[in-house]
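Engineer: How does the following fold in three dimensions:
(chains A and B)
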Amino acid sequence: MSARRSPLAPPRWLGWSLAIGPLVALALFFVWPLVAIGSRGLRWSAVRHVLADHGVARVAWFTLWQAAVSTAATFVVALPLTAAVSRFAFRGRRLVIALVGVPFVLPTVVVATAISATLPRSWDGTVRAIIVAHVFFNVAVVVRTVGAAWTQLDARYEDAARTLGASRVTAARTIALPLLRGPILAASAIVFLFTFTSFGVVRLLGGPRHPTLEVEIYRRAAQQVDLPAASALGLVQLVAVIAVLALWARAGRRRPPASALRNRPPATRARRPAERSFVFLATTVTMVALALPIARLVERSLAVPGGHGLAWYRSLSSAGRGTTRALRPLAAFRTSLTTAFISCVIATVVGALAALALTYTRRGRGRGLLGAGLMLPLGTSAVTIGLGLFVAFGQAPLDLRGSAIMVPLAHALIGIPFVVRALAPTLQAIDPRLHDAAATLGASRWQTFALIDVPLARRTLIVGAGMAFAVSLGEFGATSFLTRRSTPTVPIAIANLLARPGRGNVGQAQALAVLLAGVVTVVFVVTDRFAEAR
Amino acid sequence: MSLDVDSIVVRFADRTVLDSLSFTVASGSITCVLGPSGCGKSTLLRVVAGLLVPDGGRVRIDGVDVTALAPHRRHVGFVFQHDVLFPHLDVGENIAFGLRLARVARAGRAARVGELLELIGLPGYERREVATLSGGEAQRVALARALAPSPKVVLLDEPFGALDRDLHDALVPEVRQLLRALGTTALHVTHDRDEAAVMGDQLITL
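Structural biologist: Down below sits the predicted model:
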């Protein structure tokens, strides 16, 4: 890079002017709602009310310890498979890595429905059920994050330890794990964050006896209409989340020494009998454990009185029996798909503008703050976002409660970071010499953008848009606050069905969950196809 | 402490890297294996160390068949091509690593580490961070780490390959002297003919 500014470089004003749109959106639909929460929750009466409430301390403590236990359990379950894929070459290794990610992209209500269909009835409403669901959901985080770093870690460090008298297990414990401290901390922070702010799983599996902060916020706001208390709890939650995110940012910087890394897949096949059985057991046991709830959900959705059939699926297109509101559960799909489409378009446009802004602003504090600001909705819990929008736009001057745009707006807000995170690194990585080459061949600045940058970034833009679409399809936390009675999204419809007694409602919920999982899978497959196509 | 390599065969996917290789290293002697890069020298050392299970053949140490034994039960020392010092441990902890696993008491470990640092000419380096060592120092510490648990056989995989010429020429006779003084059985691979001539009592060309 030369110190001199290239005549081809975009003008200095471009970056920040592109940032205007995303920043206004962020201010209006993210910052302002948070301020609204703050102005309600920070009132002394509300704080005193919440602090004096012993229930709140109990809820906060429960939120904390269930997240800690879930995180620890996730690591225990994920470590054997992580070690296997990091240290051994075996047939199907890439497939295993791909499949382990499936539970992570499933909507939380689908996961909760599947786990509830798998566990014995007596586990309903227990902490154990919550933890099992959290482990199921998050194993992928550990296998992917720690596994990627461990695969890169030069195997000769462990080899050296082994020739010095360390068994494979000792070598992993004394050499690999300390060197992987950064990725391990990062993965535990992510898992902790997800389980700390887990809403769908806790609400559907924990029952009334095990509310976490998220569920309690929802309960106070939506069921007791005690917005000050909900806002005060939201602030507690926000502070906790920011603390974890700060820890995460610090952990991310602590990478293994560069000298210890080399970018190569594991070359060693398991040859010793003990190694072969380890690889076999670690992969099959984990994969079966992850496949089981999904298989069980499908089986249950087909289990009708007196055998198996499509009765629950067929009943989805007719109005619910025994309910006064004549709602066809299948109509929820139309709501969900429309919502996903609108929110995906908004998230893609705003996210692409933001990514371009990040690319064309100069490296420095301003760009760093802009990047961090655009990522904030990702760290904020969905319930906080939902509550914020509910509070901020639920009164004059802007009463949008009951407006059909609220849910897509919330989903777009949650989807933007996915688009930015996919697109910005790609745009920033484009070699400036390509622009020079295009210019010498007669391309104007605009043509260069259209002919070089856009095609190069197309793939990641599609991936980001697909993520935003899929996230919207599964979103539950924010939607719970903003949904309208008459047009629930699919996750809301599933939760409503599960809240009603009787096998019929559960059967319909399971059928809906299977369909939703199917649609999400199709979205990912189609996205992948589009992204790969030339 | 003799080492007996008996008709070792190693195949990777489609090509045979070691085709029925046999030789014996007499107790207390140094054998150099000479050959161009990619000819299977490192593979041979990994087989002897137990880091790679051969497709055929036997490895015997002191007449005992160790082919099925895991690396940590073989009591061999391994010095890698580039020093592979554990970056999260200091120099003393690196050298003491094998002693700790052999359950040598703290005092015994400290004494042995001091003795080895003296031997390699780096006395008082116990608390140094490995990142602050020069290339030659790091390679010497790696040698000390391999020698610390008094292995039956020491395997050296082009240990001087990454050093500049002057350092290389100074270190080669130094290491030879050290290994002789300790009476260590050693298998040393290199692509450098001169180095092999200085180091080895026996020369094998692959």
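Engineer: Only alpha carbons, please: show stretch A:174-192 as PDB.
Structural biologist: What follows is stretch A:174-192, C-alpha atoms only, in PDB (Å, rounded to 0.1, in the frame of the first residue of the first chain):
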ATOM      1  CA  THR A 174      -1.500 -30.000  28.700                       C
ATOM      2  CA  ILE A 175      -0.600 -28.700  25.200                       C
ATOM      3  CA  ALA A 176      -3.500 -28.200  22.900                       C
ATOM      4  CA  LEU A 177      -6.100 -26.900  25.400                       C
ATOM      5  CA  PRO A 178      -3.800 -24.200  26.800                       C
ATOM      6  CA  LEU A 179      -2.800 -23.100  23.300                       C
ATOM      7  CA  LEU A 180      -6.500 -23.000  22.300                       C
ATOM      8  CA  ARG A 181      -7.500 -20.900  25.300                       C
ATOM      9  CA  GLY A 182      -8.600 -18.000  23.100                       C
ATOM     10  CA  PRO A 183     -10.900 -20.000  20.800                       C
ATOM     11  CA  ILE A 184     -12.200 -21.900  23.800                       C
ATOM     12  CA  LEU A 185     -13.000 -18.700  25.700                       C
ATOM     13  CA  ALA A 186     -14.600 -17.300  22.600                       C
ATOM     14  CA  ALA A 187     -16.800 -20.300  22.100                       C
ATOM     15  CA  SER A 188     -17.800 -20.400  25.800                       C
ATOM     16  CA  ALA A 189     -18.700 -16.800  25.700                       C
ATOM     17  CA  ILE A 190     -20.900 -17.300  22.600                       C
ATOM     18  CA  VAL A 191     -22.600 -20.400  24.100                       C
ATOM     19  CA  PHE A 192     -23.000 -18.600  27.500                       C
END
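Engineer: Now that stretch: buried residues?
Structural biologist: Neighbour-count burial for stretch A:174-192, counted by 16 or more other Cβ atoms under 10 Å in any protein chain shown, picks out A:174-176, A:179-180, A:182-192. Any C-beta I mention is one placed from the backbone N, CA and C, and that applies to glycine too.
Engineer: Next: stretch A:36-52.
Structural biologist: A:Ala36, A:Ile37, A:Gly38, A:Arg40, A:Gly41, A:Ala46, A:Val47, A:Val50.
Engineer: got it, and stretch B:127-142?
Structural biologist: Quick answer for stretch B:127-142 (16+ other Cβ under 10 Å): B:Arg128, B:Val130, B:Leu133, B:Gly136, B:Glu137, B:Ala138, B:Gln139, B:Arg140, B:Val141, B:Ala142.
Engineer: Does the residue of chain B found nearest chain A belong to a helix, a strand or coil?
Structural biologist: Nearest residue of chain B to chain A (Cβ to the nearest Cβ) works out as B:Gly98 at 3.5 Å. Each residue gets one of three states, and B:Gly98 gets helix by DSSP: H, G, I helix; E, B strand; the rest coil.
Engineer: same thing with B:Arg11?
Structural biologist: Looking at B:Arg11 with three-state DSSP, the answer is strand.
Engineer: these two touch, right, it and B:Val17?
Structural biologist: Yes: using Cβ atoms under 8 Å, B:Arg11 is in contact with B:Val17, at 6.8 Å.
Engineer: Work out for me the element residue 33 sits within.
Structural biologist: I'll assume chain A. If you go by DSSP states H and E, A:Pro33 is part of helix A:32-41.
Engineer: Wait, chain B was what I had in mind.
Structural biologist: Counting by DSSP H and E, B:Val33 is part of strand B:30-34.
Engineer: same check, this time on A:Val526
Structural biologist: If you go by DSSP H and E, A:Val526 is part of helix A:503-532.
Engineer: Run through the neighbouring helices and strands of that helix.
Structural biologist: Counting contacts by 3 or more Cβ pairs under 8 Å, 6 or more residues apart in numbering or on different chains; DSSP states H and E, helix A:503-532 packs against helix A:108-118, helix A:273-302, helix A:311-315, helix A:331-360, helix A:454-474, helix A:490-499.
Engineer: Go again with 10 Å.
Structural biologist: helix A:102-105, helix A:108-118, helix A:273-302, strand A:303-304, helix A:311-315, helix A:331-360, helix A:454-474, helix A:490-499 (3 or more Cβ pairs under 10 Å, 6 or more residues apart in numbering or on different chains; DSSP states H and E).
Engineer: To chain B, which of these lies closest?
Structural biologist: Using Cβ to the nearest Cβ, the helices and strands packed on helix A:503-532 put helix A:273-302 closest to chain B, at 8.0 Å.
Engineer: Next, see if the closest one gets close to chain B.
Structural biologist: Yes: Helix A:273-302 reaches chain B (Cβ under 10 Å from any Cβ of the partner chain) through A:Pro273, A:Ala274, A:Glu275.
Engineer: okay, and the common contacts of B:Arg11 and B:Val17?
Structural biologist: Common contacts of B:Arg11 and B:Val17 (Cβ atoms under 10 Å, 6 or more residues apart in numbering or on different chains): B:Pro54, B:Asp55.
Engineer: Show me which of those two is the more surrounded one.
Structural biologist: B:Val17 (22 against 13; other Cβ atoms under 10 Å in any protein chain shown).
Engineer: ok but the more buried one is inside a strand, no?
Structural biologist: Yes: membership of B:Val17 in a strand is supported by three-state DSSP.
Engineer: per-residue confidence for it?
Structural biologist: With respect to pLDDT, B:Val17 has a value of 88.
Engineer: Likewise for A:Arg321?
Structural biologist: 54.
Engineer: which residues touch B:Leu52?
Structural biologist: A:159, A:267-269, A:271, B:10, B:12, B:17-18, B:42-46, B:71.
Engineer: Ramachandran angles for it?
Structural biologist: phi -140, psi 130 (degrees, to the nearest 10).
Engineer: quick one: it and B:Leu187, what's the gap?
Structural biologist: 15 Å (Cβ to Cβ, to the nearest Å).
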